[in-house]
Structures are given as structure tokens and as C-alpha cells.
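**Student:** Predicted model follows, preceded by the sequence.
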Amino acid sequence: MGAKLKIAGWVAVGAVAGALTTMQLQATARSSLAPLPLEELQQLAAVFGMVKSDYVEPVDEKKLLTDAISGMVAGLDPHSQYFDKKTFKEFREGTSGRFVGVGIEIGMEDGLVKVVSPIEGSPAFRAGLKSGDLITKIDDTAVKGLSIDQAVKRMRGEPNTKVSLTIFRKAESRTFPVTIMREEIRVQSVRAKMVEPGYAWLRVTQFQDRTVEDFVRKIEEIYKQDPNLKGLVLDLRNDPGGLLEGAVAVSAAFLPKDVTVVSTNGQVPESKAVFKASPSDYVRRGGADPLKRLPEGIKNVPLVVLVNEGSASASEIVAGALQDHKRAVIMGSQTFGKGSVQTVRQLTPDTALKLTTARYYTPQGRSIQARGIVPDVMLDETADGNVFAVLRMREADLEKHLQSGQGSEVKDPAREKAREEAMKRLEDEAAKQAATKQPALPEFGSAEDFQLKQALNRLKGQPVLASKTQTERKPDETKTN
């Protein structure tokens, strides 16, 4: 498969995702580069000199150059990026699924950090933190007013250092402090359970280093509980992406051997590739094929895949492959539309350049970029309709987004109007929520998960409450690239 490929989309709650990326450990100049524009480079040097000599106060030369590089790359598209020492470290942590912290999956509620789930075996788990706990202070800093990223950064740190959390436990109406020793944490990217006899739910939250191994282990556990599985729901909602090899492997688990999973195409020869449901395209060099352990039934078990606007990149590859090969019914909302490939070229031991180098395509040649995957059955988030869907940003909403190459997508005035109406509706909902202290949306996989219920109905051949309002966001086919 050549260099290891990684994919990225979106920012996951409490964790940073990667990007469809080729990791190259050295920078290499291409002999095919056109001659440098000397006049423009002279202007850049002149501006640098003027800023350095004439600015109101002394400036750091290295910062000036770093900002110049960052601006040049950021002007291309939303996913190309210059990584300085700090951001490169965060990027590598995100794709590895390992970081140093306390070990909790988090969200926000009423301006506070909410513990969605402590990671099993983590310091937070051992300290007794529970789902639903609210963190009101991190050391001496009040959480109210912090963004989720700011809160995450304060809880992370160096191994064997302590962080003090003030916890409000609503179920017991009490506040108490907990001091936790930070450790290296491995994010659990796969969860699964039998929702009822014969039917299982398996959720992939992000495609990371151990996702395939964890995926296989969870499938094995499901079949041990019920060897005669009648149906499986693969939940990719809010999955921001991750490693391409993981997306290929998960797709291959359900598909016939050697069929196409995804292809990529760009300007340089190494960006043109086809990835198949074959061990050579998802097994790391020298490793064993983890899919060999899977029960045979997995190839034919009735399958529904749940997606939403937060499903991006690697999760879109899986949904697209299973949809094109008619292996699964895709249900939910139109996905994010992150269908571009980024190559990460390391510049120094601590810095790198992430550059968009290709688009990727489903087995039938559909570009995912700025379009996403359109479900076979559109579902609302709740029985009462969509709460947050229209507010979520998709690739086509991002400034300077790359076009699909198969007709460009334009801003939808109707969607913008719906966004404003949804914001007003949510403000009203927030007031009611504050009074009842109930979350706006149930947890994925819970008994109150409306979309999961509809997926199970589909597997059982029972009526499905499909959305009456959602429609595909279609591209403007009159425009070409």
C-alpha cells in the first residue's frame, strides 16, 4: 500500500481527528517544480525587512516567517495546514488515539464539562467519575466560560502530574473534589452491545491505530453472545475519520474479497491509487490479518449503517463502499462531505506541512468532496424532528472548500434560513431544558435513541419513520472545475 495513509475530517468531542493523509518522514523537493516567481519573492523579502525595521515594537523573526508560511497554506483550503511543534504533536496524538490525560469522553452542558463516559481502566475510571458528572473547576480555573478545547488542554499534561477536578454529581446533589494523576490514555474507538436478542449495535467513534483490532474483538464478543445474529447496526454518527487502513479493513469485513473500497486521484502519480478489500491494503507490513478471526456470518448478516452530518472522511468511505456494493442500507442524514486527501510531509523533527493532494472516490466513482454520502433512508434525530442537524457545518459550508470535481456545490439560501429558524427554536428549547435539566438529544445507543430504533425496525422489516423534511443538498451541475 506504500506509505501509511490517514484520513481526517472534523474535530471530535475532546479529541482531534487526523486527515486523509500520507505520512512522509522527510521533505523532498520535486524536480518538476516551475521556476520560482522571483519578483514576488523579492516583495516578500522587502515586506519582511520593513516589518522587522519599522514596526512599532521589535518582532520575532521566526514568528514572522512561521506566520507567513501558515498564511500561505491556510489560504488554499480548510484542511491544508502548517504544523508547528505544538500542533504537530497534537495531530500525532489524535491519529494514534493516545494522549496524556485523565481518561474521559466529554461534552458540554449548561456551560460546564459533562462526563459522557470515563474510559475503562483510566485514572478517571479508577477515581470513580461517572457518566453525567459535571466538572465545574479544573485546578483553580472555573469551567464556565471555557471552550471544550480549552478545558481539554487544561486536563491534559505531562505523565505523572496531578490535576484537581471539582465535580457536581446531579444524581446525589453534591459537589466534591477529585485529584487525578495523569497517565497515557488509549482512546476506545469501538463500542458494542446486544440491544435485544438477535440484534447488535456497534459504534466506531474514530478510526485509530487499534480500531480494527478492537472492531474484530467486539464482533467476536457479539457472536459469542448470539451466534445466530439476525441484524447489526454499524453506527458511524459523528465519526470524524482517522486512518484509511481502518476504513478499508472495516469495509472489507462486510464485503467480498478484492472488491474496490475507495480510490484516490490527484496531480502527482503517488496520489492515484485504488484500495481493495484485500489484506495487502489494510494490514500493516509484517502484521497478521485481523479479519481472519471474524465469524463467517459477518459477511451476510443484514446490516444498517447510521450516519449524520458529523460523519466525515474515513466513515464516509465505509458508508460509500457499503452503499455502492449494496451491502448495507445507509440511514440518517447526508454526511459531512470531507472527500479530499492530505499529505503530511515532515519538514523538521517537530514541524510538518499538511497539504491537500487528491480527492477520493467511492467504488462507483462518486466524489464525496463537498457532497457527502446521501442515505438510502433519511432519518430525523428525534421523533419530533431535527434538533441540531441544520446547525451543523458541512464541508460545503466551509470557506475556500475544495469542489467535488463533479459539479460544485453552492450555498443554499433555504438552508441558511432554516439555520436561523433552528437557532431560535433551540434558544426556546434551551430555556425548557434548563428547567428540566434534560439533555436535548439522547446518548447514541441508549434506549431513547430514535435513529437506532428506526434502524432496528428496518432490520426487522417493520415500518420506519423516515424524515418528511430532509432532502439531498444537490450540487449545481452547471458549474465545472
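**Tutor:** It's in.
**Student:** which residues does residue 341 form a beta bridge with?
**Tutor:** Judged by DSSP bridges, the bridge partners of residue 341 are residue 358.
**Student:** Return the distance of it relative to residue 244.
**Tutor:** To residue 244, residue 341 is 9 Å away according to Cβ to Cβ, to the nearest Å. Quick note: C-beta positions are derived from backbone N, CA and C, even for glycine.
**Student:** The two: which has the busier surroundings?
**Tutor:** Each of residue 341 and residue 244 had its neighbours counted (other Cβ atoms under 10 Å), and the higher figure belongs to residue 244 (30 against 26).
**Student:** What helix or strand is residue 35 located in?
**Tutor:** Secondary-structure assignment from DSSP states H and E places residue 35 in no helical or strand segment.
**Student:** quick one: it from residue 41, how far?
**Tutor:** Between residue 35 and residue 41 the distance, using Cβ to Cβ, works out to 11 Å.
**Student:** So between the two, which is more surrounded?
**Tutor:** Between residue 35 and residue 41, counted using other Cβ under 10 Å, the more crowded position is residue 41 (10 against 5).
**Student:** Now do the same for that one: its pLDDT.
**Tutor:** You'll see residue 41 listed with a pLDDT of 89.
**Student:** Can you tell me which helices and strands the helix or strand harbouring it packs against?
**Tutor:** Taking DSSP H and E as the definition, one finds residue 41 inside helix 38-54. Packed against helix 38-54 by the contact rule (3 or more Cβ pairs under 8 Å, 6 or more residues apart in numbering; DSSP states H and E) you find helix 61-74.
**Student:** So which elements touch the helix it packs on?
**Tutor:** Packing partners of helix 61-74 (3+ Cβ pairs under 8 Å, 6+ apart): helix 38-54, strand 81-83, strand 351-361.
**Student:** Adding distance to residue 320, write those out as TSV.
**Tutor:** Written out in TSV, the entries for those read as follows (distance: least, Cβ to Cβ, whole Å):
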stretch	distance to residue 320
helix 38-54	40
strand 81-83	25
strand 351-361	8
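**Student:** out of these, nearest to residue 332?
**Tutor:** When those are compared for distance to residue 332 using Cβ to Cβ, the nearest one is strand 351-361, at 20.5 Å.
**Student:** Any chance you could list what contacts the very next helix or strand once past the closest one?
**Tutor:** Read in the C-terminal direction, the helix or strand following strand 351-361 is strand 377-378, with elements assigned using DSSP H and E. Among residues not part of strand 377-378, those counted as contacts by Cβ atoms under 8 Å, 6 or more residues apart in numbering are 329-334, 454, 458, 464, 466-467, 470-471.
**Student:** Quick check: which ranges of the stretch 301-450 of the chain have low pLDDT?
**Tutor:** Low-confidence segments of the stretch 301-450 of the chain, defined by pLDDT under 70, are located at 387-394, 396-400, 403-441.
**Student:** Residue 386 versus the residue sitting nearest the centre point of the chain, what's the distance?
**Tutor:** With distances taken as Cα atoms, centre = their mean, residue 240 lies nearest the centre of the chain, 0.9 Å away. Per Cβ to Cβ, residue 240 is found 20 Å from residue 386.
**Student:** What does residue 450 show for phi and psi?
**Tutor:** Note on residue 450: its backbone torsions stand at phi -60, psi -50 [degrees, to the nearest 10].
**Student:** Who are the contact partners of it?
**Tutor:** Contacts were defined as Cβ under 8 Å, 6+ apart; by that measure residue 450 touches 379, 380, 381, 382, 383, 442, 465.
**Student:** Report how many residues lie close to the residue lying closest to the second one once chain neighbours are set aside.
**Tutor:** Of all residues not flanking residue 380 in the chain, residue 467 sits nearest, at 4.7 Å (Cβ to Cβ, 6 or more residues apart in numbering). Here the neighbour count serves as a burial measure; for residue 467 (other Cβ under 10 Å) it reads 18.
**Student:** for residue 303, same thing?
**Tutor:** Using other Cβ under 10 Å: residue 303 sits among 18 other residues.
**Student:** partners of it in the sheet?
**Tutor:** Per DSSP bridges, residues listed as beta-bridge partners of residue 303: residue 232.
**Student:** Hmm, residue 330 and it touching each other?
**Tutor:** No: between residue 303 and residue 330 no contact is recorded; they are 9.8 Å apart, counting by Cβ atoms under 8 Å.
**Student:** hey, what's in contact with both of those two?
**Tutor:** Applying Cβ under 8 Å, 6+ apart, one finds that residue 303 and residue 330 are jointly contacted by residue 322.
**Student:** How about the host helix or strand of residue 458, which residues are buried there?
**Tutor:** Residue 458 is part of helix 450-460 when elements are defined by DSSP H and E. Within helix 450-460, the residues scored as buried using 16 or more other Cβ atoms under 10 Å are 450, 451, 452, 453, 454, 455, 456, 458, 459.
**Student:** go on, stretch 153-171?
**Tutor:** Counting neighbours by 16+ other Cβ under 10 Å, one finds that the buried residues in stretch 153-171 are 154, 155, 156, 163, 165, 166, 167, 168, 169.
**Student:** what distance separates the helix holding residue 41 from the middle of the whole chain?
**Tutor:** A distance of 40 Å separates the centroid of the chain from that of helix 38-54, by Cα atoms, centre = their mean, to the nearest Å.
**Student:** end to end, how far does stretch 159-176 reach?
**Tutor:** With Cα to Cα, to the nearest Å as the measure, the ends of stretch 159-176 fall 24 Å from one another.
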